[in-house]
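Undergrad: sequence below, structure please.
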Amino acid sequence: MPNAEWPYLEILLRLALALSLGLLLGLERERRGKEAGLRTFGFIALLGALGGSLGEHYALLSLVLAAGLAVPLNVHTMRGGHGPELTTSAAMLVTCMAGVLCGLGHTVTPAAVMVSTTALLAWKERLSGLSMGLTEGEVRSALLLAILAIVIYPALPAGAVGPWRLIEPRAAWVTVILIASIGFVNYILWKMYGSKGAELSAFFGGLVNSNFTVVEMATRVRETAGRFAEGAYRAVLVAVAAMVLRNAVLLLILTPLAFVNAAAAFGMMVLSAAGFVVLSLLQRNGTPTADVSDIKLELPFSLPVALRYGLLFLALHIVGRLMQREFGEAGFYAVTVIGGLLSSASAVAAAASMAAQGAIGFDVAANGAVFASLTSLAFSLSFIVRTGHRHLIARLVIAMIGIALAGGLGLLLRELAKPLVEALLPYATGNGL
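TA: Numbers count the residues shown, from 1 in each chain. Just a heads-up that it's a prediction; the model follows:
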């Protein structure tokens, strides 16, 4: 007779994971005072895990039983004069499905699903407030972003096109969507948290568009007759640091090897800006700054913005390739610096795209990304000059020079460390590291 052994230890681990995830979601429901709470969700997760462990038919049966539990729950709440518990019912089904995945041996997927579900339930008020506060233009921006990503991208031709094979429509569109998505997410965060203070508002505003943020701070300085100069000084530095951080993340996503070459420069620039902000906070001696309203940013994503990003990226990519062919690295750097005046994010994306295609080295792309960020930094300073506040201008000039020197020092350290890294690389490879 055949003999099959039940993997007790493995199954117990799967059940323990399912129970932990069910209790996590049940804890949130218990705190909300729901009928289905800690124990109910723990049982549902165990039910799904047992079904998944026993096989496909039992997994389907566990889902049917979990759905059946939602029926008396809704009947009870509706008899009590309340509305149906649709959210809790949906959470019960998700919990059971996550339990099934645990029973089948999955770990990361059910954990990610349950943590995300718990977060959605816990952030009910904040998400409701955000949705109610969205304007029609902001909703259209989100829909347009989805259309460009889901509908238009698959229709674009794959590979390089054109007589010189310089344009890759899909690669360009991915970059446009990525830049716009980062801006859209940061815009939502700014709406949720930007009113907590000038510095925090400037940080999220700088992630969306640092130039708009600096212009807004310069306007506040003029409107308050210089009373907001101290707060504007810190806000501008925070916005600049956010811009540098955004460009670093963009380079990391598009070309990780280029980011490795620029990490020291970007890191030192952010730390330098943070150092100036901390020094200002220590020197203010409790002096209150003028109160300000929220920063007024343009819509996070619209068709003109998409076309502007796309055309600018293509122009920088094509001109950068041609200049690099004719004049070498100097031509590429010239295009990158000019691109930084228009959009540092597009300039960084173009440099990353060229490095990914092998047109330039990863170190050259890293240098270009840093140069574009420094150009944007200098361009932001020009808006502060218009305030006419000499003390603020002088302090920001010193700070900007310090940030630029920090970036240059980061590039220098990378060059000094390159021979050491190249010398150690064969040993690391030989040891299997």
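
Undergrad: same question for stretch 226-235: list its buried residues.
TA: Neighbour counts over stretch 226-235 (16 or more other Cβ atoms under 10 Å) mark Gly226, Phe228, Ala229, Glu230, Gly231, Ala232, Tyr233, Arg234, Ala235 as buried. Using the backbone N, CA and C atoms, a C-beta is placed for each residue, glycine as well.

Undergrad: same deal with stretch 337-347?
TA: Quick answer for stretch 337-347 (16+ other Cβ under 10 Å): Val337, Gly339, Gly340, Leu342, Ser343, Ser344, Ala345, Ser346, Ala347.

Undergrad: can you check the distance spanned by that stretch, start to finish?
TA: Terminal residues of stretch 337-347 are spaced 8 Å apart (Cα to Cα, to the nearest Å).

Undergrad: what's the distance between it and the middle of its chain?
TA: In terms of Cα atoms, centre = their mean, to the nearest Å, the centre of stretch 337-347 is set 20 Å apart from its chain centre.

Undergrad: could you give the mean pLDDT of that stretch?
TA: For stretch 337-347, mean pLDDT is 80.

Undergrad: return the backbone torsion pair for Ser343.
TA: The phi/psi pair for Ser343 (degrees, to the nearest 10) reads phi -160, psi 110.

Undergrad: other SSEs contacting the host helix or strand of Tyr333?
TA: Using DSSP states H and E, Tyr333 sits within helix 329-342. Under the contact definition 3 or more Cβ pairs under 8 Å, 6 or more residues apart in numbering; DSSP states H and E, helix 329-342 sits against helix 303-327, helix 344-356, helix 362-385.

Undergrad: what's the domain layout of the chain?
TA: 8-122, 135-430 (automatic domain parsing).

Undergrad: ranking the ones you listed by mean pLDDT, which is last?
TA: Mean pLDDT is lowest for domain 135-430 among the domains of the chain, at a mean of 75.

Undergrad: who does the helix or strand Leu405 falls within touch, helix- and strand-wise?
TA: Taking DSSP H and E as the criterion, Leu405 maps to helix 390-430. Applying 3+ Cβ pairs under 8 Å, 6+ apart, we find helix 390-430 packed against helix 229-254, helix 256-283, helix 362-385.

Undergrad: for that helix, what is the distance to the chain centroid?
TA: From the chain centre to the centre of helix 390-430 is a distance of 24 Å (Cα atoms, centre = their mean).

Undergrad: over to stretch 342-354?
TA: Chain-centre distance of stretch 342-354: 17 Å, with Cα atoms, centre = their mean.

Undergrad: swap in stretch 38-46?
TA: Using Cα atoms, centre = their mean, the offset of stretch 38-46 from its chain centre is 34 Å.

Undergrad: what comes up buried for that stretch?
TA: Neighbour count says stretch 38-46 has Leu38, Thr40, Phe41, Gly42, Phe43, Ile44, Ala45, Leu46 buried, by 16+ other Cβ under 10 Å.

Undergrad: so can I have TSV of those residues showing distance to Ile384 and secondary structure?
TA: Below are these laid out as TSV (distance: Cβ to Cβ, whole Å; DSSP: H, G, I helix; E, B strand; the rest coil):
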residue	distance to Ile384	secondary structure
Leu38	55	helix
Thr40	58	helix
Phe41	54	helix
Gly42	57	helix
Phe43	61	helix
Ile44	58	helix
Ala45	56	helix
Leu46	61	helix
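
Undergrad: out of those, which comes closest to Leu411?
TA: Proximity of these to Leu411 (Cβ to Cβ) peaks at Ala45, which lies at 51.7 Å.

Undergrad: for that closest one, give me its contacts.
TA: Ala45 is in contact with Ala18, Leu19, Leu21, Gly22, Leu23, Thr95, Cys96, Ala98, Gly99, Cys102, counting by Cβ atoms under 8 Å, 6 or more residues apart in numbering.

Undergrad: tell me the two of these that are most distant?
TA: Distances among those were taken as Cβ to Cβ; the most separated pair is Leu23 and Cys96, at 14.3 Å.

Undergrad: looking at these two, which is more packed in?
TA: Higher neighbour count among Leu23 and Cys96: Cys96, with 30 against 16, using other Cβ atoms under 10 Å.

Undergrad: in a strand, the more buried one, correct?
TA: No - residue state for Cys96 (DSSP: H, G, I helix; E, B strand; the rest coil) corresponds to helix; a strand is not indicated.

Undergrad: any idea how far Gly48 is from Gly99?
TA: As for Gly48, its distance to Gly99 is 2 Å (criterion: Cβ to Cβ, to the nearest Å).

Undergrad: what is in contact with these two at once?
TA: In terms of Cβ under 8 Å, 6+ apart, Gly48 and Gly99 are both contacted by the residues Ala18, Ser62.

Undergrad: the more surrounded of the two?
TA: Each of Gly48 and Gly99 has its neighbours counted (other Cβ under 10 Å); Gly99 has more, 36 against 32.

Undergrad: how about the helices in the stretch 101-250 of the chain?
TA: Here the stretch 101-250 of the chain has its helices, by DSSP state H, counting those that start in this stretch, at 108-122, 124-133, 136-147, 153-155, 169-193, 198-223, 229-254.

Undergrad: what's the burial count for the nearest residue to Leu50 once chain neighbours are set aside?
TA: Spatial nearest neighbour of Leu50, excluding adjacent residues (Cβ to Cβ, 6 or more residues apart in numbering): Gly103 at 6.4 Å. Gly103: 28 surrounding residues under other Cβ under 10 Å.
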